[in-house]
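**Student:** the sequence and its predicted three-dimensional model are supplied below.
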Amino acid sequence: MMIPIPPEDIREVPTSVLAYVGDAVYELYVRMHIVSRIGGQSGVLHKKAVKYVAAPAQAHAIRILYDELTEEEQTVFRRGKNGHQGSMAKNASPADYKYATGLETLIGYLYMTGSEERMEEIIRRIITILEEEK
């Protein structure tokens, strides 16, 4: 794990940076989840991963999970969701894209503050929600 950013400094990190880091961390966890359960060719693995990392899936999961977040986590999520979007959604509605960005911001925030246990708990919950939908 990397050295966490102190809480007083994390407020200075732009939400776009938190989302960027959160996207990478979340995708790595999803990939490891898939590899540990099914293995296989990279093309097959990628298709499976997309079902977890696509904006509509992330938006669906956070809408279910939102009430389980702490006040601080909800604040970070909303900050990311309502922040300036650096890019446009390709295969998602603008609303889903904003929710997915908020979720990625939260994951990036938890990772960068050293809250790895809570981050993993949330990621496991997201995976469970998405697997229940299959």
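**Tutor:** Perfect, I can see it now. Numbers count the residues shown, from 1 in each chain.
**Student:** pull the residues that contact the longest helix along the chain.
**Tutor:** When the chain is parsed with DSSP state H, its longest helix is helix 15-37. With contact meaning C-beta atoms under 8 Å, 6 or more residues apart in numbering, helix 15-37 is reached by 45, 48-49, 52-53, 58, 76, 79-80, 83-84, 86, 101, 103-109, 111-112, 119-120, 123, 126-127. Quick note: C-beta positions are derived from backbone N, CA and C, even for glycine.
**Student:** what mean pLDDT does the helix or strand that it is followed by have?
**Tutor:** Remark: after helix 15-37, the chain's next helix or strand is helix 42-53, criterion DSSP states H and E. In this model, helix 42-53 has a mean pLDDT of 86.
**Student:** in strands, which of the contacts of helix 15-37 appear?
**Tutor:** Judged by DSSP state E, strands contain none of the contacts of helix 15-37.
**Student:** of those, buried ones?
**Tutor:** Among these, those scoring as buried are 45, 48-49, 52-53, 58, 76, 79-80, 83, 101, 103-109, 111-112, 119, 123, 126-127 (criterion: 16 or more other C-beta atoms under 10 Å).
**Student:** can you pull out the low-pLDDT segments for this structure?
**Tutor:** 1-8, 85-89, 134 (pLDDT under 70).
**Student:** tell me the contacts of Arg79?
**Tutor:** Arg79 sits next to 15, 102, 105 when contact means C-beta under 8 Å, 6+ apart.
**Student:** what number of residues lie near the first one?
**Tutor:** Same thing as Thr15. Thr15 sits with 23 neighbouring residues when counted by other C-beta atoms under 10 Å.
**Student:** quick check: the nearest residue to it once chain neighbours are set aside vs Arg118, distance?
**Tutor:** The shortest distance from Thr15 to any residue other than its chain neighbours is 3.9 Å, reached at Gly83 (C-beta to C-beta, 6 or more residues apart in numbering). Distance from Gly83 to Arg118, counting by C-beta to C-beta, to the nearest Å: 21 Å.
**Student:** got the CA positions of the longest helix of the chain in CSV?
**Tutor:** As requested, C-alpha coordinates have been extracted for helix 15-37 and formatted as CSV (Å, rounded to 0.1, in the frame of the first residue of the first chain):
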residue,chain,number,x,y,z
THR,A,15,-12.1,15.1,-7.1
SER,A,16,-10.9,14.2,-10.6
VAL,A,17,-7.7,12.9,-9.2
LEU,A,18,-9.5,10.9,-6.5
ALA,A,19,-11.8,9.4,-9.2
TYR,A,20,-8.8,8.6,-11.4
VAL,A,21,-7.1,6.7,-8.6
GLY,A,22,-10.4,5.1,-7.5
ASP,A,23,-11.1,3.9,-11.0
ALA,A,24,-7.7,2.1,-11.2
VAL,A,25,-8.0,0.6,-7.7
TYR,A,26,-11.6,-0.6,-8.3
GLU,A,27,-10.7,-2.1,-11.6
LEU,A,28,-7.7,-4.0,-10.1
TYR,A,29,-9.9,-5.4,-7.4
VAL,A,30,-12.5,-6.5,-9.9
ARG,A,31,-9.9,-8.1,-12.1
MET,A,32,-8.5,-10.0,-9.2
HIS,A,33,-12.0,-11.1,-8.2
ILE,A,34,-12.6,-12.5,-11.6
VAL,A,35,-9.2,-14.2,-12.0
SER,A,36,-9.6,-15.8,-8.6
ARG,A,37,-12.9,-17.3,-9.6
